[in-house]
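**Student:** sequence and predicted structure below; questions after.
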Amino acid sequence: MNKTCTKCRQIKPIEEFGIDNHRPDKHYLWCKFCSSAHVKNYRADLTKEEKQNQLAKHKQWIEVNRDRMNATKRQSMKNHPGRSAEYKKIYYANNPDKRQAHTAVNHAIGRGKMLPAKSFICSQCNIKQAEAYHHHKGYAREHWLDVIPVCSACHSKLDSKS
């Protein structure tokens, strides 16, 4: 099945369009490429103040809707039991060094040898509260506790570089 993107006017397979349950055909009007380009341009044009306002609104929305989000997550876990456990089992089997390094950090925090990452500001952007530790020297045993506190955005950037 094909659909015409109202942005670029190209006829594309329906898989090239995101899901929108409010539309009769259940797909967005713009293809994924056009939607992505639009969002990138929009975000690039925002001032620092506008970005901070959006972040504040997003955090507020999360606080207001936390119960609903948790209920959705619980329902998903109920509908798909074991999915999370299966994913963890496969991930840890494929990355034993990462698991050991993360476990070492968690044990150090539990024993009081390290403070939780949330006690710090992100070492990369120096703006947001850190949410996790990043193993910046790798996962070798001698570097298990060589970590830096980072926010989730900076952590994603650092992980994509390595």
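**Tutor:** Great, that's in hand.

**Student:** gap between the lengthiest strand in the chain and the chain center?
**Tutor:** As assigned by DSSP state E, the longest strand anywhere in the chain is strand 27-31. Distance of strand 27-31 from the chain centroid (Cα atoms, centre = their mean, to the nearest Å) equals 23 Å.

**Student:** packing partners for it?
**Tutor:** In terms of contacts (3 or more Cβ pairs under 8 Å, 6 or more residues apart in numbering; DSSP states H and E), strand 27-31 is packed against strand 17-19. Where you see a C-beta, it was placed from the backbone N, CA and C, and this is true even at glycine.

**Student:** so in that sheet, which strands flank the strand it packs on, and in what orientation?
**Tutor:** strand 27-31 (antiparallel) (DSSP bridges).

**Student:** would you quantify the distance from residue 148 to residue 97?
**Tutor:** 18 Å (Cβ to Cβ, to the nearest Å).

**Student:** the two: who's more crowded?
**Tutor:** residue 148 (19 against 13; other Cβ atoms under 10 Å).

**Student:** from residue 51, how far out is the residue nearest to that one when sequence neighbours are not counted?
**Tutor:** Of all residues beyond its chain neighbours, the one nearest residue 148 is residue 123 (4.5 Å), with distances taken as Cβ to Cβ, 6 or more residues apart in numbering. According to Cβ to Cβ, residue 123 and residue 51 sit 20 Å apart.

**Student:** and residue 116, by the same measure?
**Tutor:** Residue 116 is 27 Å from residue 51, where distance means Cβ to Cβ.

**Student:** which one of the two has more residues nearby?
**Tutor:** Remark: of residue 116 and residue 51, residue 116 carries more neighbours, 15 against 11, as counted by other Cβ under 10 Å.
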